[in-house]
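Q: Need the 3D shape of this:
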Amino acid sequence: MKIPHKPPTFEQLTQEAGNMGRFDKVLSVSRTQHQSDYLHWDKLRRKTPPGDLNNKEWWLATKLSRLGNLRNVELIDRNGTNFKFLIPDFIHETLHKIDLLTGGTITVPEPITNQNTKDKYLIRSLIEEAITSSQLEGAATTREVAKELIKSGRKPRDTSERMILNNFLTMQRIRQLRDRPLTPALIYQVHKLVTEKTLPNPDAAGRTRNADEPCVVTSDTGKVYHEPPPADELEVRLKRMCDFANSKHNPYFIHPVIRAIILHFWLAYDHPFVDGNGRTARALFYWSMLNSGYWLFEFISISTILRKAPVSYARSFLYTETDDNDVTYFIVAQSKVIVRSIDELYKYIERKTEELREVESHLKSVSIFNNRQLHLIKHALKHPGFQYTIQSHKKSHNVAYQTARTDLLSMVDTGLFEFRKIGKALILIPLKDLPDTLLKLERESAASQLDLKSK
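A: Residues are numbered from 1 along each chain as shown. As a prediction, the model looks like this:
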């Protein structure tokens, strides 16, 4: 990845515009400029400017339109200069969408709020984030192997599998920590979880880097992308970051989503650890969102989207550092990632719901079930893990005990359910592959009917 072209300095631009007698023209454009994206000089210099401006004048107009809205963040760079940000108009709409779709319950799909199905989606999200967040940092394991690792509970075979398991355990822990204030100790705890048994020096897990442990971010060819602050500043910087995350000493309101995004950027910029900074930064983003009441983020994986465009993710950091510490670039990029992540979750739920409808539509063609059994199967499809008894089936359909018992025993014979004894009670439980088994029964039923017709 190429380092973006550093923009001309503000002083240089104003001097050139003044010398050419073009400053009034630039000012008139800056007052009316509205953009649907937050362009960096690296992109803007290749585009056609408005009116009779040249690209440098257009960039000056752009900078002038931004200056009055920029606000300082407590985060400072290596030279002691504050980072700053603004909220472009189009991001306000994005924030509203995030608030609407992830903070309340009215618009949330029913499977997420259903106590019988929500765990299925939660585990799926935790696994997805664990896998893709690790893959962003170089883990080389297939999705199938990673899922088997987590679901089976076996020990990791290599560092890649250990990274994924660590991420899964970390995301589970973040859910438990959501109501706690952020402290350096909590950050160390998260980092240790993320990096346990994955570092060349095991002692580096759960502590900041030492002065003799350089942590420069470079490309594969050795090109330096980022040089973080020195190790002797990290303790103070972490404390300041925690104060920001906990809303202490902020002179103005910062939208919780913006705060979570800046927290993500802050830890990544400071790069306080020898390794695992990206995974820790994303974990803290989740802590911040859950801490602020965006509970749906238990079910959302941002790393799935980031992994599809890792260069854009990295470039948003570089845009910030090359343009006067303007972290708006990262805010815009991450806001888009968040919205795409939410959309992906909703699409996934809709796809699974449609699959369920399709299975239900095939049920009547399986002629071996009576209406009571069909009703029970439909309920089981919508409520995985629900437990049934002969008595509950008897009451639900107002039938005799023996009729209810026969219904349930027949369901076990088909391979859709199994009986388990819990205490003194005999419980009927649907098997995990219920939809697939139903489709198999449908095919067998159709084949049987064809045989009968041919005879």
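Q: Go through stretch 134-144 and flag the buried ones.
A: If you call a residue buried by 16 or more other Cβ atoms under 10 Å, then stretch 134-144 has these buried ones: 134-137, 139, 141. Any C-beta I mention is one placed from the backbone N, CA and C, and that applies to glycine too.
Q: Please name the nearest non-neighbouring residue to residue 323.
A: Computed as Cβ to Cβ, 6 or more residues apart in numbering, the closest residue to residue 323 that is not its neighbour in sequence is residue 7, at 5.6 Å.
Q: quick one: low-confidence ranges for the chain?
A: Filtered on pLDDT under 70, the chain yields the residue ranges 31-34, 104-109, 114-117, 120, 219-220, 356, 359-360, 362-367, 445-455.
Q: Select the longest helix from it.
A: What stands out as the longest helix in the chain, according to DSSP state H, is helix 328-362.
Q: Can you list the buried residues in whichever helix or strand comes after it?
A: Following helix 328-362 in sequence order, the next helix or strand is helix 371-382 (DSSP states H and E). Across helix 371-382, burial judged by 16+ other Cβ under 10 Å covers 372-373, 376-377, 380-382.
Q: How about stretch 160-176?
A: 160-171, 173-174.
Q: do stretch 208-220 as well
A: 208-209, 215, 217.
Q: Can you give the domain ranges for the protein?
A: As given by automatic domain parsing, the domain ranges for the chain are 10-67, 74-351, 367-454.
Q: tell me the most buried of the ones you listed?
A: Across those, the average number of neighbours (mean count of other Cβ atoms under 10 Å) peaks for domain 74-351, which reaches a mean of 18.
Q: Give me the angle between the host helix or strand of residue 409 and helix 371-382.
A: Residue 409 is part of helix 401-413 when elements are defined by DSSP H and E. Taking axes from the mean of the first three to the mean of the last three Cα atoms, to 10 degrees, one finds helix 401-413 and helix 371-382 inclined to each other by 50 degrees.
Q: Quick one: residues in contact with helix 401-413.
A: Residues from elsewhere that reach helix 401-413, judged by Cβ atoms under 8 Å, 6 or more residues apart in numbering: 368, 370, 372-373, 376-377, 388, 390-391, 393-394, 397, 399, 417-419, 428.
Q: From the contact counts, what lies against the following helix or strand past that helix?
A: Scanning forward in sequence from helix 401-413 by DSSP H and E, the next helix or strand is strand 417-422. In terms of contacts (3 or more Cβ pairs under 8 Å, 6 or more residues apart in numbering; DSSP states H and E), strand 417-422 is packed against helix 401-413, strand 425-430.
Q: Figure out which of the ones you listed is closest to residue 80.
A: Minimum separation from residue 80 across the helices and strands packed on strand 417-422 (Cβ to Cβ) falls at strand 425-430, 62.3 Å.
Q: how far does the helix or strand harbouring residue 185 sit from the chain's center?
A: Using DSSP H and E, residue 185 sits within helix 184-195. For helix 184-195, the distance from its own C-alpha centre to the chain's C-alpha centre is 19 Å (Cα atoms, centre = their mean, to the nearest Å).
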